[in-house]
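*Asks:* how would this look folded up:
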Amino acid sequence: MTALESIQELEKRMSTSIIGQDQLIERIILVLLADGNMLLEGLPGLAKTRAIKTLAKELDCGLSRIQFTPDLLPSDVTGTEIYQPDAAEKFIFQEGPIFSNLILADEINRSPAKVQSALLEAMEERQVSVAGKTYPMEPLFMVMATQNPVEQEGTYPLPEAQMDRFLMHVVISYPDDDAELAIMRLNRSEHVKSSETEKVRLSPEVIFAARKEIAEVKISESMEKYIVDLISATRFPEKYNETLRSWIDYGASPRGTIGLDRSARAHAWMHGRTAVTPDDIRAVVHDCLRHRLILSYEANADGITADQVLDEILKQVAVVG
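*Replies:* Numbering: from 1, shown residues only. Purely as a prediction, here's the structure:
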């Protein structure tokens with residue numbers, strides 16, 4: 001079985017456990033393949049936590065769940081040095097839950113910035129520094145953070161620097177009525193003990209093989225220019241029209257450019273293409289850029305969302321070549 005066939009089988013198996021959230025399943029696999037991190041936003045009960053747990057069950061890798069609360073400390077995430085009076089080495093580093101393959105940072109906005117920043121080095125550098133020593137993360141590593149768009153009392157907005165380190169900000173909504181019925185039936189069946197044998201879990205080596213193939217996906221000069229033009233439109237919206245200029249205060253950083261390139265190539269590979277098309281770029285642009293835009297006071301006052309701004313940018317920016 002090829003790497004693509006294995007990933008498609010993984011997506012199919014996850015869809016039997018997470019019903020009505022096909023986009024979520026595709027995005028979480030895409031972010032893993034693109035070696036990035038994901039911020040997931042949705043109302044309670046929409047399978048945010050279940051999604052990452054299901055991925056961990058299907059992959060032969062570890063999962064750590066960190067419940068972010070106002071009293072959480074940075075050392076509760078990264079780990080700390082423990083004094084051992086009888087040991088030759090007096091201080092021994094006790095690893096925190098961040099040292100795993102898949103990290104579920106549940107309700108990340110419920111802890112202050114000092115705790116949230118404990119994730120920054122791990123997310124960007126794939127390492128953690130404690131007491132002057134650096135500890136590398138696992139080769140297969142992804143942070144999936146969740147946040148609730150309601151119940152904002154007692155929460156702390158994520159700093160822009162941390163938001164920029166998420167490859168994608170995915171927003172999910174309610175399933176339709178048919179999916180809701182299937183969810184109810186699935187939940188009922190899960191309470192009945194099954195005699196099925198345990199499924200074979202996917203080896204992380206398949207993910208690494210897929211990443212090598214994604215790196216070989218071609219992207220033409222015109223597609224590269226299209227990505228750069230989209231990013232440029234977020235920074236210099238006055239070049240396109242006055243409306244866009246009034247909506248955007250600050251545009252996407254170079255991480256947005258890199259993220260859009262990586263995500264578009266991963267999207268093309270997942271759909272069996274060897275080269276990136278404009279549709280691949282358009283398919284991921286909202287998830288890659290919605291959290292990187294800082295909208296103006298006028299846009300917020302008029303109820304304009306980042307998605308609406310990106311819709312307008314897609315209308316204004318044309319593919320050249």
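
*Asks:* what comes up buried for stretch 155-173?
*Replies:* Residues 155-156, 158, 162, 164-172 are the ones in stretch 155-173 that count as buried (16 or more other CB atoms under 10 Å). The C-beta positions use only the backbone N, C-alpha and C, and glycine is treated the same way.

*Asks:* if you look at those, which of them are in helices?
*Replies:* Among those, the members found in helices (DSSP state H) are Gln162.

*Asks:* for the stretch 1-150 of the chain, which segments count as helices?
*Replies:* For the stretch 1-150 of the chain, the helices defined by DSSP state H, counting those that start in this stretch cover 3-15, 22-33, 48-58, 74-78, 113-116, 120-125.

*Asks:* domains of the protein?
*Replies:* Domains of the chain are assigned by automatic domain parsing as 3-189, 216-316.

*Asks:* let me have these in TSV, extended by distance to Ser203.
*Replies:* Output for the domains of the chain, formatted as TSV (distance: least, CB to CB, whole Å):
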stretch	distance to Ser203
domain 3-189	6
domain 216-316	18
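
*Asks:* now for the ones you listed, which one comes closest to Leu202?
*Replies:* domain 3-189 (5.2 Å; CB to CB).

*Asks:* just how off-centre is that closest one within its chain?
*Replies:* 8 Å (CA atoms, centre = their mean, to the nearest Å).

*Asks:* what's the first-to-last distance across it?
*Replies:* Taking CA to CA, to the nearest Å, domain 3-189 runs 31 Å from one end to the other.

*Asks:* for Glu216, give its distance to Ile231.
*Replies:* Separation of Glu216 from Ile231 (CB to CB, to the nearest Å) stands at 24 Å.

*Asks:* who has more neighbours out of these two?
*Replies:* Ile231 (24 against 9; other CB atoms under 10 Å).

*Asks:* that one: which element?
*Replies:* helix 221-235 (DSSP states H and E).

*Asks:* helices and strands around that helix, which ones?
*Replies:* helix 254-270, helix 278-289, helix 306-316 (3 or more CB pairs under 8 Å, 6 or more residues apart in numbering; DSSP states H and E).

*Asks:* let's see it at 6 Å
*Replies:* Counting contacts by 3 or more CB pairs under 6 Å, 6 or more residues apart in numbering; DSSP states H and E, helix 221-235 is packed against helix 254-270.

*Asks:* what is the mean pLDDT for the helix it packs on?
*Replies:* The pLDDT scores in helix 254-270 average 96.

*Asks:* elements contacting that helix?
*Replies:* Helices and strands touching helix 254-270, by 3+ CB pairs under 6 Å, 6+ apart, are helix 204-215, helix 221-235, helix 278-289.

*Asks:* understood, closing this out.
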